[in-house]
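Novice: Model the structure of this input:
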Amino acid sequence: MEYQAPSSDSDRSISENGRIFYRPRITTNDLPADVLVIILEEAFCAVRELYTKREAGRPDPIELNSWPSFEDCIPENPFAESLASVSSIWREVMSSVSTFWSPLIIWLGRDSTPISRIRQYLFWSRKQPLEIYVLRRYDPAIADQTEKERVAAILELLLPHVQRWKVLCLKLLYASSLPRPRFELLGCADHLVRLNLDFIIDDTVGSTMTTAPVPGVFKTPMVHELSMHGRHFLESYMGPYPSYVVPPKLARLALTNYARAPRNNSRTVEFFSLLSLVESLVARPDLRLLHLENLELDCVCYVWPGRLTPTQHRWDVNVNFVDMCGDVIADFSGTATWTILHTRAARSLTDYTPRAPIPSASRSTPASPE
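Specialist: Down below sits the predicted model:
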């Protein structure tokens, strides 16, 4: 019988009578469940910490995460599935710890995440706040006729958990596949702080504004970062209904793509003006970063009153223009200042309460004639 050297010293033991025998190698699968959980938590938290630090160190100029170049979830969006997929034992152990499943990554396109697996992730997350990322794997064939139906099915699973949403980030292929606040996104997302609805291909060009009433509300009192299609912003936050308001805590906003519908269209023609956009945002005191890209906005020139200068009522917002009309860029500052003046004047008139005249104490009251 041919002698085989042991693979390592740990595989070999010597008994009392001097005979050498070999014991089986111990792997992580042989560890007690509580010990294995600690090891997996340490490994997962180490990767998550790097991701968290990178997110916290993002530069202030709002590029709002252009289309990602990653092909896997580990470097950009660490997810517990990368560990759970190693073995069935690891998956079983990790399924009992809800914090593993707070960040939820759902893949579309090639090797997409099954609906049954998404349902499983949500169950394992228990009551943890959810950071949801719906992303596409890299695929040289840029076409997906089932994307919209797939996103609708995913959203049907996510909406019952809307109160647990902390981050909702969708980076899809087509703009028409994106859900819209107050249309497809409904409910009270009281803990949502980041809403990214991004796309690659704008297939909404030439379409007209939705005329159907909103079937519900989408409350987002804590959202501070929002990116979405310009037309969807118009429909969701600048409609005729009084309840259409921009999130009150909004600090960073990115709007991409808006093209006017043909004027000869027999259906309702929307009117997206620079003035209406500024009016919807100027009352948001936390707004600091505004990214406007490829928006066809109607603009009106304003003439400054003789006694006023723009610096007296400046809107302290860092604005980034990309592929925007020169007229919009030139009129932005004047429109913002005019809106601030108009808003302050209206507030002054609303808050003003005339007081009744106070009779003078030194004035003598004439005696009544007898």
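Novice: going forward, measure contacts between C-alpha atoms and count neighbours the same way
Specialist: Fine.
Novice: what about the helices in the chain?
Specialist: Remark: helices assigned in the chain by DSSP state H are 33-56, 73-76, 81-84, 88-94, 115-124, 147-158, 230-237, 274-281, 326-351.
Novice: Compare the ones you listed and report which one is nearest to Ile201.
Specialist: helix 147-158 (12.4 Å; C-alpha to C-alpha).
Novice: Report the buried residues of that closest one.
Specialist: For helix 147-158, the neighbour count (16 or more other C-alpha atoms under 10 Å) marks Glu147, Lys148, Val151, Ile154, Leu158 as buried.
Novice: And for stretch 124-142?
Specialist: So for stretch 124-142, counting by 16+ other C-alpha under 10 Å, buried means 124-126, 128-137.
Novice: who touches that stretch?
Specialist: 69-72, 95-111, 164-173 (C-alpha atoms under 8 Å, 6 or more residues apart in numbering).
Novice: Between the two ends of that stretch, how far is it?
Specialist: End-to-end span of stretch 124-142 (C-alpha to C-alpha, to the nearest Å): 33 Å.
Novice: Just the buried ones from the contacts of stretch 124-142, in ChimeraX syntax?
Specialist: A single ChimeraX command selects the buried members of these (16+ other C-alpha under 10 Å):
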select :95,98,99,100,101,102,103,104,105,106,107,108,109,164,165,166,167,168,169,170,171,172,173
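Novice: hmm, back to that, how about the buried residues of stretch 124-142 in JSON lines, adding pLDDT?
Specialist: Converted to JSON lines, these look like this (pLDDT from 0 to 100):
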{"residue": "Trp124", "pLDDT": "94"}
{"residue": "Ser125", "pLDDT": "94"}
{"residue": "Arg126", "pLDDT": "93"}
{"residue": "Gln128", "pLDDT": "94"}
{"residue": "Pro129", "pLDDT": "95"}
{"residue": "Leu130", "pLDDT": "95"}
{"residue": "Glu131", "pLDDT": "93"}
{"residue": "Ile132", "pLDDT": "94"}
{"residue": "Tyr133", "pLDDT": "93"}
{"residue": "Val134", "pLDDT": "94"}
{"residue": "Leu135", "pLDDT": "91"}
{"residue": "Arg136", "pLDDT": "88"}
{"residue": "Arg137", "pLDDT": "81"}
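Novice: Out of those, name the two that are farthest from one another.
Specialist: Within those, two members stand farthest from each other by C-alpha to C-alpha: Arg126 and Arg137, at 27.2 Å.
Novice: Kindly provide the distance from Glu41 to Ile142.
Specialist: Glu41 is 37 Å from Ile142, by C-alpha to C-alpha.
Novice: what ranges of this structure fall below the confidence cut-off?
Specialist: 1-24, 49-78, 205-215, 239-244, 261-270, 300-314, 340-370 (pLDDT under 70).
Novice: How much space separates Gln128 from Tyr138?
Specialist: Counting by C-alpha to C-alpha, the gap from Gln128 to Tyr138 is 30 Å.
Novice: just Ala251 next, same as before
Specialist: Taking C-alpha to C-alpha, one finds Ala251 at 31 Å from Tyr138.
Novice: same check, this time on Leu253
Specialist: 27 Å.
Novice: likewise Pro179?
Specialist: Taking C-alpha to C-alpha, one finds Pro179 at 22 Å from Tyr138.
Novice: what does Gly109 give?
Specialist: From Gly109 to Tyr138 the distance is 8 Å (C-alpha to C-alpha).
Novice: Okay, buried residues for stretch 331-342 please.
Specialist: Buried residues in stretch 331-342 (16+ other C-alpha under 10 Å): Asp331, Phe332, Ser333, Gly334, Thr335, Ala336, Thr337, Trp338, Thr339, Ile340.
Novice: Also stretch 197-206?
Specialist: Leu197, Asp198, Phe199, Thr204.
Novice: Could you dump the residues you listed into TSV with distance to Ala283 added?
Specialist: Shown next, in TSV, are those (distance: C-alpha to C-alpha, whole Å):
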residue	distance to Ala283
Leu197	23
Asp198	25
Phe199	28
Thr204	29
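Novice: now the strands for this structure?
Specialist: Here the chain has its strands, by DSSP state E, at 12-14, 20-22, 103-108, 130-136, 165-171, 187-188, 194-198, 218-219, 225-229, 252-258, 289-295, 318-322.
Novice: what angle separates the fifth one from strand 225-229?
Specialist: So that's strand 165-171. Here strand 165-171 points in a direction 30 degrees away from that of strand 225-229 (axes from the mean of the first three to the mean of the last three C-alpha atoms, to 10 degrees).
Novice: now swap in the last one and tell me
Specialist: With the same axes, to 10 degrees defining the directions, strand 318-322 sits at 20 degrees from strand 225-229.
Novice: what's strand 318-322 packed up against?
Specialist: Under the contact criterion of 3 or more C-alpha pairs under 8 Å, 6 or more residues apart in numbering; DSSP states H and E, strand 318-322 touches strand 289-295.
Novice: Nothing else from me, thank you.
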